[in-house]
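**Q** Okay, predicted coordinates and the sequence, questions at the end:
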Amino acid sequence: MVPAAPHAEDIPSKVTLRGVRKSYARSTGERVDATVDVNLEIAAGEFVCIVGPSGCGKSTLLNLIAGLDLPDAGEVLVDGRSIRSPGPERAMLFQEPALFPWMNILDNVQYPLRLKGLPATERRGLAERWLAKVGLADFQAAQPHELSPGMRQRAALARGLACQPAVLLADEPFGTLDAQSRELLQEELQRVWSETQNTVVFVTHNVREAVFLADRVLLMTARPGTFVAEHRVSTPRPRSWGNALLASVVADIHDHLLKEVREAVQDAVDG
């Protein structure tokens, strides 16, 4: 079991995975293990980033925590309750913002609040508040196609956080953005998380991004994926890109990740 961070010893686990295994069927009918024997505890308010080789099961784990899929073995718990389906206490950010193109930005952010049954005045107030927090107060009436990719992802972040989820799940949400937009959103997420203290499980291929954002960075093996190492990031927030300690942690994780990638490539060649 990968335990929660030591500073959270007295905080109950928010997310727990015990002996989780998930496999999928190929078109040939062959079963392929995506993850095996995954054990993890994440404390309430902890920011955890998961990195690993392509195809190692990172997104699979997010889908299991979100309740979008079920494990073949083991259990996934949030607040000690088994997860069998999606729920309002969990929100998901994807690589593509998935905004409704026929709605303006304000209505996009209000949509899940309407599904929750909030009164019109309350949901509008929450949507406006979160759009202001992500720097989109002046773009409430804009259609998604009128915004840049980075601004659309800001709107998706506002939509996810407006629901006030206890757990925010993020699957490469900044992966398609240019470098400048990506850094701005990383800084924005760091600032917003410092205010909300949601539990965050964030999947990324970008080691630098992971170290900048996380309390812990967890490294997965090549498929079938399981956790092979963790790196705790103790640098105080707000963090700056020029911090020497962050650069050192990035180098350590990058070296370890490169080893996993090489092993995955070699296994593919041998196979």
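**A** Thanks, I have the structure now. All figures in this text were calculated on a predicted structure; none of them were measured in a lab.
**Q** quick one, what contacts S148?
**A** S148 is in contact with S181, counting by Cβ atoms under 8 Å, 6 or more residues apart in numbering. Bear in mind the C-beta positions are built from the backbone N, C-alpha and C, glycine included.
**Q** Tell me where the model's unsure across the stretch 1-150 of the chain.
**A** 1-11 (pLDDT under 70).
**Q** all helices in it, in order from the N-terminus.
**A** 58-66, 105-115, 120-133, 149-162 (DSSP state H, counting those that start in this stretch).
**Q** Export those helices as JSON lines, with columns for mean neighbour count and distance to E172.
**A** Shown next, in JSON lines, are those (neighbours: other Cβ atoms under 10 Å; distance: least, Cβ to Cβ, whole Å):
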{"stretch": "helix 58-66", "mean neighbour count": "23", "distance to E172": "8"}
{"stretch": "helix 105-115", "mean neighbour count": "20", "distance to E172": "20"}
{"stretch": "helix 120-133", "mean neighbour count": "17", "distance to E172": "22"}
{"stretch": "helix 149-162", "mean neighbour count": "24", "distance to E172": "11"}
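**Q** could you redo those helices as CSV and give each row distance to R191?
**A** Listed next are the helices of the stretch 1-150 of the chain as CSV, based on distance: least, Cβ to Cβ, whole Å:
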stretch, distance to R191
helix 58-66, 23
helix 105-115, 18
helix 120-133, 9
helix 149-162, 11
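**Q** Nearest approach to L213 belongs to which of these?
**A** Proximity to L213 (Cβ to Cβ) singles out helix 149-162 among those, at 13.0 Å.
**Q** which stretch among the helices of the stretch 1-150 of the chain comes nearest R232?
**A** helix 58-66 (19.1 Å).
**Q** circling back: between the helices of the stretch 1-150 of the chain, which one is nearest to L169?
**A** Closest to L169 of the helices of the stretch 1-150 of the chain is helix 58-66 (Cβ to Cβ; 5.0 Å).
**Q** so what's K14 up against?
**A** K14 neighbours (Cβ under 8 Å, 6+ apart): 42-46, 78-79, 166-167, 199.
**Q** Tell me the one of those nearest L213?
**A** Distances from L213 to the contacts of K14, taken as Cβ to Cβ, are shortest for E46 (11.7 Å).
**Q** If you tally nearby residues, what's the number for the closest one?
**A** The number of residues packed near E46 is 23, by other Cβ atoms under 10 Å.
**Q** For S240, see how far away it is.
**A** 22 Å (Cβ to Cβ, to the nearest Å).
**Q** Check G80 too.
**A** According to Cβ to Cβ, G80 stands 37 Å off from S240.
**Q** If you count residues, where's the longest helix of this protein?
**A** Counting residues, the longest helix found in the chain (DSSP state H) is helix 244-270.
**Q** Now do the buried residues in it.
**A** Neighbour-count burial for helix 244-270, counted by 16 or more other Cβ atoms under 10 Å, picks out 246, 249-250, 253, 256-257, 260, 264.
**Q** again, but for stretch 46-57
**A** By neighbour count on 16+ other Cβ under 10 Å, the buried set for stretch 46-57 is 46-53, 55-57.
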